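# need coordinates for the following:
(2 chains)
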Amino acid sequence: PRNPPQSPVLEFWDPPQRFGGFWGVLGPPRPPNPPQISGWFWGYFGVFWGVLGCLGPPRPPNPPQDQWVALAGGDGAVRVLDLESGAFTAELRGHQDLVHVVALREQLPQVLSGGEDGTVRLWDLRTGSQVQLIEVHKYQECSRPQLGKWIRCLATESDWMVCGGGPALTLWHLRSVTPTTVFPLAPPQHHALFHQDMVLSGGVGPALHLLQLNGDVRGRVPVSPPALRSLCLHPRSPEHQVLTVGGNSPKIDVFTNLGYRAFSLTFT
Amino acid sequence: MAGPLGSACSSGSLSLPLRAGLCCSVTSLPGGAEARARPAGSTMSSESSKKRKPKVIRTDGVPAEGKRGKGDTDQETQTLLWRVSTKLEDPSGICMVPSNPPDVRYYSEESEVDLRDPIKDYELYRETCQELQRLMAEIQELKSRGIKENASEIDERRVQSCVHFMTLKKLNRLAHIRLKKGRDQTHEAKQKVDAYHLQLQNLLYEVMHLQKEITKCLEFKSKHEEIELVSLEEFYKEAPPEISRPAITLNEPHQQTLARLDWELEQRKRLAEKYKECLTSKEKILKEIEVKKEYLSSLQPRLNSIMQASLPVQEYLFMPFDQAHKQYETARHLPPPLYVLFVQASAYGQACDKKLVVAIEGSVEEAKALYKPPEDSQDDESDSDAEEEQTTKRRRPTLGVQLDDKRKEMLKRHPLSVTLDLKCKDENVLHLTFYYLMNLNVMTVKAKVTTAVEMTTAISAGDLLSPDSLLNCLYPGDHGRKTPNPANQFQFDKVGILTLSDYVTELGHPYVWVQKLGGLHFPKDQPQHTVAADNSLSASHMELTVKLLRSRLQSRLALHKQFASLEHGVVPVSSECQQLFPTKIVSRLVKWTAIPYEDYAELPYTKDVIEAGLAEDTHLYYMALIERGTAKLQAAVVLNPGYSTLPPVFSLCLNWKGERNSSNDDNIRAMESEVNVYYKELWGPKPGYQLLTNQLQRLCMVLDVYLETEPHDPSVEGPKEFPQEKMCLRLVRGPLRLKPFKFNYPQGFFSHR
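Numbering: from 1, shown residues only, chains lettered A, B, ... in the order given. Modelled structure (predicted):
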């Protein structure tokens, strides 16, 4: 009998500079234990308690000597967890419903979060308060009421943001808070990434979408899982381009060239 | 006759004795000559002279010529010669004087020979011959002159020549004597040499003979060497001293051997005696055995009569030994695997399971006929040969018919079979008949179910209790369509049988557990020539198999009942399971049908299940349809023969505002997992046969939740089709945004897992 994977089971990303190796964070709850977040790195094993939710990938932290993670909570709060001490340094409340996704802005010490209530909020990490609120579902261009208003995927790069879910995947200009491009993808998207001059996204439907910033669909690459949940790019070297995608399937697809799937990893 | 030796003559000194002799002879000769008158005249003398002459010729040829010549010319000379010759006839020349006065001297010419020198004699001879020739010449001369004047000279010369003749005669004698002596000597010597030679020969011969004898003796193999004698140490140890005589035998090997032989002989005598004794005792014992055998054989009929007599008692006491005995009698004719099965099953039945009944069916005579000895069938064969010839004349059987016959022969069953009846608590009985295919060395089973109560057969339940599929996959993977004996493949190839599954309907299924019950164990990859029935294998599987059979029967019967209800649209939920579900469930089961495997495989949403290996052609497939309002949920069910330990697997497809299934809707996947993954909650009371119905009920429940928690679409006018009536804590949770499908009892609300 199949065990459908719930939430991102494993998300790998590039570790903060001080630590070496991989960071893996595991999310699903195992009742009756409270949900926990565990992290491994080469040095030692540390367990941090947290709340079920999505995890925002930490960029090279800013300032570099601080190691912290932004966590999206199922209770509607965004928390900042200090990796060294294992304690929450900030709790950002504002969402009405569970928070699906967080993203960090590079230049500014800000966190974006998107949630079930259909809003994207910007938070200032220094003050710990909400800076901006974007109600995506209220914009005609992108809202799709038949699917819902929930925001599932969020990604940001300098002044740009892409978000989607129930509403269509849209490219936003953050300064002016305007949706500039609506990508013509029918099914709800679960994860989106900025990559070079493209947006990669995946969602319901066995395809990885390569989208150009002007709204053209550059390509649809078939993948093994019938729905994608998570995309991950190797951020470091531009010449070794590796993209891994995972979804509701026992296979993880690996791409070395964004045009086609190279091979799949399977658990045995 | 012999004149005295001493009378002197005028001739030479050397010829003195000769002359004397000659003179004597002259004087007395005429008397003697007349006394010894010879009938023949000159011829005789010539003969004798001729006799002599050859001898003389041998020694000296020339004078003989002269002598001859002389003889012819003168008659008187001849007479004289004759006289001389007669004298010469006596070669010994010994003038014996018998009864003479003592002073008579006699001489032996033989000894004279030794004294004289032969060369000188030869010279004398030559001289004399020359003289004679001269005298004769002178006489001739004188005679030619005239007879009167020379008569006295002639006489003188004549006398001289006579004297010469005497000399010649003597010389001749001497020569002869010498010759004779020489010859005698030679002869003697020769004889000696011969004698030595003979001796030598004799000796050599003897030597050879002796050598041969020696060789023979050396090669002689005495019989005593062929006898193995005991070793020396043993001999000295065991033999009594009078035989072994160590004092003597240790020194002399010959005596030692003799002693050893003696001992051997004694030992052999003793052993021969022992042997005779043993023979006699053996005879005795044989006789005793005979007697006892007779006694025992007379016992058997008596025992039988006692058994007969005890039958009424057995019946009275409810101990049917006789019946069991009869069964064992028949069991003796069973082939080994069936026999093992019979023994193990009876043992198990007696020990652990009173509701297991074992019996043997079939024809014992036929079984006996299988092992008929070949002599009896000789006549039959000859008859059948004759018959066969006749039939071939009429009609040749086609190749197909021949092959068919061969196939039938290969698949022949043993006439006896073992039946097992498994009774369940509710009086349903599972009848199993086990057959043995002799040529293939496999066992097969046929199953039949008799129910206590007449069951209304639901249409979809047709296959549940069918004998073909009832015992499918009792153990995982044991589908009974292939013969478990790898060697059979080669046998099949010969007669053109592809696979045994073509014949299972009439022969029964050759499940692997059946082979194990019969003690036949076939290793996986290597065909073995013969596999003997093994009791321990059967015993270890008996209990488990019987339990599985029972549970299989029970589960099938339970399903049968359930299907009957499902077909009417009612999901039968027992009272113990009511707490799994809320009191009000609006979705209803409207259809329940059996579908073939091919249809199942064609459905687009069942691919994952097939790929995961959970749906094979040995499984049973059904389609359920659950409806609420405009929403239709299709559920394709694959039922494993090992229900209910192995749960059925559902694949869902919801038709409501589009087709949603597990690949495009996470909630549908969640619903599937509710019934497929969390089935353990749905087993219900102990045997767990209610799993299927509980699963169906849960499907109805989650469909309700799904439809009611669907967010309202503001673009569509009008109220929601399905107002929310279920109590839910949260509508959405997690990144997958799943609905709350878990029902909490007794509070009655739905939450997420």
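# pLDDT wise, what is B:Leu210 at?
With respect to pLDDT, B:Leu210 has a value of 94.
# could you do B:Tyr236 as well?
You'll see B:Tyr236 listed with a pLDDT of 77.
# what's the next secondary structure element after the strand or helix carrying it?
For B:Tyr236, the element it lies in under DSSP states H and E is helix B:232-238. For helix B:232-238, the following helix or strand on the C-terminal side (DSSP H and E) is helix B:241-244.
# near B:Trp683, how many other residues are there?
17 (other CB atoms under 10 Å in any protein chain shown). To be clear about C-beta, it is placed using only N, CA and C from the backbone, and glycine gets the same treatment.
# mind naming the longest helix for chain B?
The helix of greatest length in chain B, counted in residues with DSSP state H as the criterion, is given as helix B:151-219.
# up against chain A, what does chain B have?
Selection of chain B residues close to chain A by CB under 8 Å from any CB of the partner chain yields B:608, B:612, B:647, B:649, B:663-664, B:666, B:669-670, B:672-673, B:676-677, B:679, B:711, B:713-716, B:732-738, B:753.
# re the thing from before, from the contact counts, what lies against the helix holding B:Tyr236?
Applying 3 or more CB pairs under 8 Å, 6 or more residues apart in numbering or on different chains; DSSP states H and E, we find helix B:232-238 packed against helix B:253-317.
# next SSE downstream of the helix it packs on?
Moving toward the C-terminus from helix B:253-317, the next helix or strand (DSSP H and E) is helix B:321-331.
# tell me the SS of A:Val102?
Three states are possible here, and by DSSP: H, G, I helix; E, B strand; the rest coil the one that applies to A:Val102 is strand.
# need the contact list for the residue in chain B that chain A sits nearest to.
The minimum distance from chain B to chain A, using CB to the nearest CB, falls at B:Ser663 (4.0 Å). Contact analysis of B:Ser663 by CB atoms under 8 Å, 6 or more residues apart in numbering or on different chains lists A:Pro206, A:Pro226, A:Ala227, B:Tyr605.
# isn't the last one up against B:Phe650?
Think B:Tyr605. No. In this structure, B:Tyr605 is not within contact of B:Phe650 by CB atoms under 8 Å, at 10.4 Å.
# in the one helix or strand A:Glu91 maps to, what's buried?
Counting by DSSP H and E, the element that carries A:Glu91 is strand A:88-93. Neighbour-count burial for strand A:88-93 flags A:Phe88, A:Ala90, A:Leu92 (criterion: 16 or more other CB atoms under 10 Å in any protein chain shown).
# partner strands of it, parallel or antiparallel?
Strand pairing for strand A:88-93, determined by DSSP bridges: strand A:77-82 (antiparallel).
# and the contacts of stretch A:201-210?
Stretch A:201-210 is contacted from outside by A:152-153, A:162, A:164, A:169, A:183, A:185, A:187-193, A:198-200, A:211, A:217-229, A:231, A:245, A:247, A:255, A:258, B:663-664, using CB under 8 Å, 6+ apart.
# and B:Arg588, what does it touch?
Contacts for B:Arg588 were tallied using CB under 8 Å, 6+ apart; they are B:Gly569, B:Ile626, B:Glu627, B:Arg628, B:Cys700.
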